[in-house]
Structure formats: structure tokens, C-alpha cells
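Undergrad: Just a sequence and a predicted model for now, questions to come.
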Amino acid sequence: MMSRTLQLSDGSAARIIEAGEGEPLLLIHGVGMCAEAWMPQIEAFFADYHVIAVDMPGHGGTSPLPLTARLPDFVAWAARLVQALGLGPVNVAGHSMGALVSAGLAVEHPDLVRRVALLNAVYRRSPEASAAVVARADELARGEGTIDGPLARWFGDNQMSIRNKVARWLEQMDLQSYATAYRSFAEGDSIYADRLDRIACPALVLTGEGDQNSSPAMSRDMAARIPLGREVIVAGHKHMVNLTAPYIVNDAMKEWLKSEVAHDRV
């Protein structure tokens, strides 16, 4: 397992953690996280797959996007990343904001995606939920807000060790990059919603039973809209389910990675 910096076609840099050989599996984290947030999945899959976990723009060692960037800009970045990897179409799994990016990549660049997994994704928030998340984005843009709110939404009371690790990642974030990514997340839940039926590859849509913002209803609706979509709801867990229930998530991803793909995606 090694960490290295990859140069993209626009001159920017992307920091990746890379391990293993085989079919490529690209992992894209959510707002405020880092490539290390996928460590349970990296460790589970590197024996059979070429696993690449990436820091999102403005996170860790990856160059930031402009402050005005929105979800389509993150999707375009992901396309440049896949092209720079030079591995052909990839299996891509995204968590939260990373799931929005992964879905957009599968819609806009189907030639770059073998299979797609959307973990704890958002889809067509209610007007009330949308107003709340946009208000949080406004707070971040003003330099306000704390990490206590996200941590309370993401974790149960018996998950303190993982919660503390995630808190350290959040505390290390560049605030402007955090605000840019969060604004894209806040405003991005409907951008590709009407085009999910264009995703022709196998799709896993997974969330935690207790994730109120990336809800089970959202996952079911997304999976129903994607022709080869399959939903998985993890009982007893919230937003950071890949860290709090790694064995369940990994088993679901193993089944997803066995899904047959069309020859033009190989």
C-alpha cells in the first residue's frame, strides 16, 4: 500500500492511496474526509483488486477547485482523475458527497465506469431538508459552524473511537475547501436525479437505517430508478456506515463487484 501524487490533465494534483492488482476500484470519500476514510475497504479488497482511494479536491493532498465550483465541476475532476489513472473503465464507489460525484460520473462519462456504488447518497431532499442543508452551507461560507452537528448526525453513542478519528479529519480541513465541497453537496441532490435511469452499469445503493439525511427511502428510490440498481439498508447504523459496519458494507460490495458487466465496459 502506498500514497502518491497523480498529475491530472489540467495541471492539478490528486493524492491517492493505492494497493493491489486486478480490476480497478476507485473510492471517493465525502465532505471533510480523506482517502484514509476507506481503510476498511482498502484492506478488504486489495488482495483481489487494484484499489485506489483518492483525496477529494481541497482535501488532504489534492489541489482545490475554485471556490465557485459546484457538483458538475467535481464530476469533471473525477473524469480527469480516471483518465490520468490510465486503467480503463473503473469500478467506482462514493460515500455521501463522493456518491453524488460517482453518480454524476456514471451519467456523464459511462465509458469510464464499469460499476458504480453509491453509499449514503442523497436524492431529492424535501424542501425542509434542502433549506436546512443550504443554511449549513451558508454558515460554513461565513466561517461559522462547528463539527459537533455532523458528528451527532453521523454516529451513535457507542461509536466514540471511530467518531474521534473522524473528528480529527474534520478538524484538519481547509475551511474554504470544506465550504466549497459542502455547497456542492447541499445543492447537488437533484442535478443528476432525472438522469439516473441512464446509468446502464450495475449499481449498489447502500445506506444506514438510521441515516436521516441520506435516508433509506432515498436509496430505495435511486435503486428503483437505475435499471441495474440494488439497494441495501444496514440496520442499526447511520451515515458513516463504511466505518461503523465495514463487514456488512464489504460483503455488499463484494456481491456488487461480482455483477456481470457489458463487454464494452471491460
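TA: Great, that's in hand. The shown structure was predicted, so the numbers you read here are calculated from the model rather than taken from an experiment.
Undergrad: drop to CA atoms for contacts and neighbour counts, all remaining ones
TA: OK.
Undergrad: any idea of the pLDDT on the nearest residue to residue 136 once chain neighbours are set aside?
TA: Excluding its sequence neighbours, the residue lying closest to residue 136 (Cα to Cα, 6 or more residues apart in numbering) is residue 145, at 7.5 Å. Reported pLDDT at residue 145 in the predicted model: 76.
Undergrad: again, but for residue 264
TA: On the pLDDT scale, residue 264 is placed at 65.
Undergrad: Same check on residue 112?
TA: 98.
Undergrad: how close does residue 36 sit to residue 170?
TA: As judged by Cα to Cα, to the nearest Å, residue 36 and residue 170 stand 12 Å apart.
Undergrad: what ranges do the strands span in the stretch 51-200 of the chain?
TA: Using DSSP state E, counting those that start in this stretch, the strands of the stretch 51-200 of the chain run over 90-95, 113-119.
Undergrad: Looking at those, spot the one closest to residue 8.
TA: With distances scored as Cα to Cα, the stretch of those nearest to residue 8 is strand 90-95 (16.5 Å).
Undergrad: tell me which residues in that closest one are buried?
TA: 90, 91, 92, 93, 94, 95 (16 or more other Cα atoms under 10 Å).
Undergrad: Same check on stretch 48-65?
TA: Those would be 49-65, for stretch 48-65 by 16+ other Cα under 10 Å.
Undergrad: Break down this structure into its helices, ranges please.
TA: Under the criterion DSSP state H, the chain contains helices at 39-45, 71-85, 97-108, 127-141, 148-154, 160-171, 175-187, 216-225, 241-244, 246-257.
Undergrad: closest to residue 206 out of the ones you listed?
TA: The nearest among these, by Cα to Cα, is helix 216-225 at 6.4 Å.
Undergrad: any low-confidence regions in the stretch 1-150 of the chain?
TA: The model of the stretch 1-150 of the chain has no residue with pLDDT under 70.
Undergrad: switch the cut-off to 90
TA: 1, 136-137, 139-150 (pLDDT under 90).
Undergrad: circling back: so between residue 36 and residue 170, which is more surrounded?
TA: A side-by-side neighbour count of residue 36 and residue 170, using other Cα atoms under 10 Å, places residue 170 first with 21 against 17.
Undergrad: Surely the more buried one touches residue 37?
TA: No: taking contacts as Cα atoms under 8 Å, residue 170 lies outside contact range of residue 37: 11.3 Å.
Undergrad: what about the closest residue to residue 170 other than its chain neighbours, neighbour count?
TA: Counting by Cα to Cα, 6+ apart, the nearest residue to residue 170 once its immediate chain neighbours are dropped is residue 32, at 5.1 Å. If you count neighbours by other Cα under 10 Å, residue 32 ends up with 27.
Undergrad: So residue 32 sits against residue 175, correct?
TA: No: judged on Cα under 8 Å, residue 32 makes no contact with residue 175 at a distance of 9.3 Å.
Undergrad: ok, now how distant is the closest residue to residue 122 other than its chain neighbours from residue 180?
TA: Spatial nearest neighbour of residue 122, chain neighbours left out: residue 214 (4.8 Å); criterion: Cα to Cα, 6+ apart. As judged by Cα to Cα, residue 214 and residue 180 stand 20 Å apart.
Undergrad: got the contact list for residue 65?
TA: 57, 58, 73, 74, 177 (Cα atoms under 8 Å, 6 or more residues apart in numbering).
Undergrad: same check, this time on residue 62
TA: Residue 62 touches 12, 13, 14, 15, 55, 56, counting by Cα under 8 Å, 6+ apart.
Undergrad: Grab the nearest non-local neighbour of it.
TA: Going by Cα to Cα, 6+ apart, residue 62 has residue 14 as its nearest residue, at 4.2 Å.
Undergrad: what residues are up against the one you found?
TA: 5, 6, 7, 8, 54, 55, 56, 57, 61, 62, 63, 81.
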